[in-house]
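J.: Build me a structure from this.
(chains A and B)
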Amino acid sequence: MTISIRSVAKTFGRFPALNHVSLEIADGELLALLGPSGSGKTTLLRAIAGLEFPNEGQIFFGDQDMTYASAAARRVGFVFQQYALFRHMSVAKNIAFGLDVRKGRAKPSKAEIAAKVDELLGLVELSDLGKRYPNQLSGGQRQRVALARALAVDPSVLLLDEPFGALDATVRKSLRKEVRRIHDATGVTTIFVTHDQEEALELADRVAILKDGKIQQVGTPRQVHDEPADAFVAGFVGEANRIEGTVAAGRFSAGEVTIAAPDRPDGPAIAFVRPHQFVKGGAIPLAVRRATHQGPLVRIEGETASGLWLEAAFSRDQANGAGPGDAINLGIERAHIFSA
Amino acid sequence: MSDHPHRLAHEDAPWLKAVVLTVVAAFLVLVLLLPMAVVFVEALRKGLDPALEAIRTPDAQAAIKLTLITAAITVPFNAVFGVCAAWAVAKHRFPGKALLITLIDLPFSVSPVVAGLIYVLIFGAQGWFGEWLLDHDIKIIFALPGIVLATIFVTFPFVARELIPLMQEQGVDEEEAAVSMGASGLRTFWSVTAPNIRWGLLYGVLLCNARAMGEFGAVSVVSGHIRGLTNTMPLHIEILYNEYDFVGAFSVAALLCLLAVVTLVLKTLLEIAQPPSRRVGH
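T.: All right, here's what the predicted structure looks like:
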């Protein structure tokens, strides 16, 4: 199902949660809504689900205007941050709920429901746990049940609100792969909310970055990382050294750092340089303060004479054993410069 | 490890624990158990037969019946109201919510006698609607409706107060999940909300019932103390006591105590029988 969000605005009291957001989600796409807390990402997800209604704008499912349709009419699958499993129902009953509440002819037979539950338990690899109760499951297992329950209604779109937020790092990683696998197996259009950029970049086909109720950029993980649209995205997605300086006559300068900035207007500016965008043997002398080894990479942090603190990442060969107390020279291969 | 006594960090010294427990136990015996025992001892002072006789008198029977009828009307009413109020307060945002919470608590803060007087002022012969009620031959004060109204007022908060914290803690996630899967509002309530609050509701209903049967002040003002007609058990006890019929008074009091004890035993059994899902949380 294609989902089209057209200039949606939503305020809570006087607080604007969504500020005329427009976004197109293609059929079968896996899209991440990424942003810091308070950016409106969850509100947008809930507006798509029909749990929240916009003050302005429209939300289309395919060519149908669903802006004020009930959650039931939209047939969405929603996975809540804290799972929201029905605590007094078994896992199987939880998964069957969306089918059980159907009325009349729309309601499948008992055998059909049981078959669907079995199929979904298999899909999320919990086949033996149908009779358990939610409080007898681990966090990861609960999340899988929540996922199966959301998928039971054959949703037109699957919506996940911070789906991995409450899980520990290992479970989170394996569940991420799981969500990708289930998405690829079912082909259902999926939108998930996260504040974790690593999660968004790893999992999503496209990432929409929100800040203060506005979409800052929408693009593939590579685009938002390599071609940030503005200073916020450059700082929020991926790691970057944030260097405040000025642009004059097509050159950015701050202390020892100068970078060509041919298309930027004169005035105060901010340069973002990712740690791997430094090369050794340039014009910036750096006094190394720390060197940490992370697998094949060495992260070198240090200070320039003018007090700029820079962090660079090199392969072990390039780093060549540089450590605290050494002096090295850095060059900048690439940078993103935005007017401040 | 060592031979130090095993004690958790937050636990106090054994002697302190013993002192505190003794004080609490002594207080409970003195203030609760002893008076309760006195009720039964006084009732049975002349043997079981006079005690049973006192309960069997027509006036006592009428009082018991009236008390049970009052509770039978009051408790369901306040259970339904309590669930509605708790549901509104805990699961919804709306203007005037703080005012509603204050109103729910009002009966706890107002003296029951004042509550009774309010109804007399509204429905009594000299009250606002007194003349109109007289003209239409409707009796509220000094009759069952007045007693029920006063009891409803006094026992108003029990169910709501029990449910509001429980429902607030449970949040609206499960309800939203049900709605997102296509459940109607009513279906969501019966399938999701009600099962989650059933133990708290029972608990609130039992407390409400205990108070409904025992209420004295408010009922005393509106009842008119007509023997065999508008006397509830607590009022009947007072009358007997004032007439120096101690065996009679304490016998009816003992019966009222037994009703309360049964309520508390039921409550305890319910707590033990509770499924782990609520005790552990989720």
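J.: element containing the nearest residue to residue B:17 once chain neighbours are set aside?
T.: Sequence neighbours aside, residue B:11 is the residue nearest to residue B:17 in space, at 7.4 Å (criterion: C-beta to C-beta, 6 or more residues apart in numbering or on different chains). In this view, the C-beta of every residue, glycine as well, is placed from N, C-alpha and C. Assessed by DSSP states H and E, residue B:11 sits outside every helix and strand.
J.: Equivalent analysis for the one 10 residues further on, please.
T.: Assigning secondary structure by DSSP H and E places residue B:21 in helix B:14-28.
J.: Residues touching the helix or strand just after that helix, excluding its own?
T.: Proceeding N to C from helix B:14-28, the next assigned helix or strand is helix B:34-43, under DSSP H and E. Helix B:34-43 is contacted by residues B:51, B:54, B:246, B:247, B:250, B:251, B:253, B:254, B:257 when judged by C-beta atoms under 8 Å, 6 or more residues apart in numbering or on different chains.
J.: The closest residue to residue A:186 other than its chain neighbours: what's it in contact with?
T.: Excluding the flanking residues, the one nearest residue A:186 by C-beta to C-beta, 6+ apart is residue A:151, at 6.7 Å. Applying C-beta under 8 Å, 6+ apart, we find residue A:151 in contact with A:77, A:120, A:123, A:158, A:182, A:186, A:188.
J.: Flag every buried residue along the helix ranked longest in chain A.
T.: The residue-count maximum for a helix in chain A (DSSP state H) belongs to helix A:169-186. Going by neighbour count (16 or more other C-beta atoms under 10 Å in any protein chain shown), the buried part of helix A:169-186 is A:171, A:172, A:175, A:176, A:178, A:179, A:180, A:182, A:183, A:186.
J.: again with stretch A:252-259
T.: A:252, A:253, A:254, A:256, A:257, A:259.
J.: Chain A contacts on the stretch 51-200 of chain B?
T.: B:173-174, B:176-184, B:187, B:191-192, B:195-196 (C-beta under 8 Å from any C-beta of the partner chain).
J.: which of the residues you listed sit farthest apart?
T.: Comparing every pair within these by C-beta to C-beta identifies B:182 and B:196 as the most remote, at 19.5 Å.
J.: if we can go back for a sec, closest to residue A:72 among the contacts of helix B:34-43?
T.: Among the contacts of helix B:34-43, and counting by C-beta to C-beta, the member closest to residue A:72 is residue B:257, at 52.1 Å.
J.: sec struct for the closest residue to residue A:253 other than its chain neighbours, please.
T.: Of all residues not flanking residue A:253 in the chain, residue A:245 sits nearest, at 5.5 Å (C-beta to C-beta, 6+ apart). Judged by DSSP: H, G, I helix; E, B strand; the rest coil, the three-state class of residue A:245 is strand.
J.: where along the stretch 1-150 of chain A do the helices fall?
T.: With DSSP state H, counting those that start in this stretch as the criterion, the stretch 1-150 of chain A has helices at A:41-49, A:71-74, A:91-100, A:110-123, A:139-151.
J.: how distant is the last one from the center of its chain?
T.: On the basis of C-alpha atoms, centre = their mean, to the nearest Å, helix A:139-151 is displaced by 19 Å from the centre of the chain it belongs to.
J.: what element comes up after it heading to the C-terminus?
T.: strand A:157-161.
J.: which residues touch that next one?
T.: So strand A:157-161 is contacted by A:1, A:3, A:25, A:42, A:45-46, A:48-49, A:61, A:74, A:76-81, A:147, A:150-151, A:179, A:183, A:188-193 (C-beta under 8 Å, 6+ apart).
J.: got the angle for that strand vs helix A:41-49?
T.: Here strand A:157-161 points in a direction 150 degrees away from that of helix A:41-49 (axes from the mean of the first three to the mean of the last three C-alpha atoms, to 10 degrees).
J.: Strand A:157-161 - what's its average pLDDT?
T.: Averaging pLDDT along strand A:157-161 yields 94.
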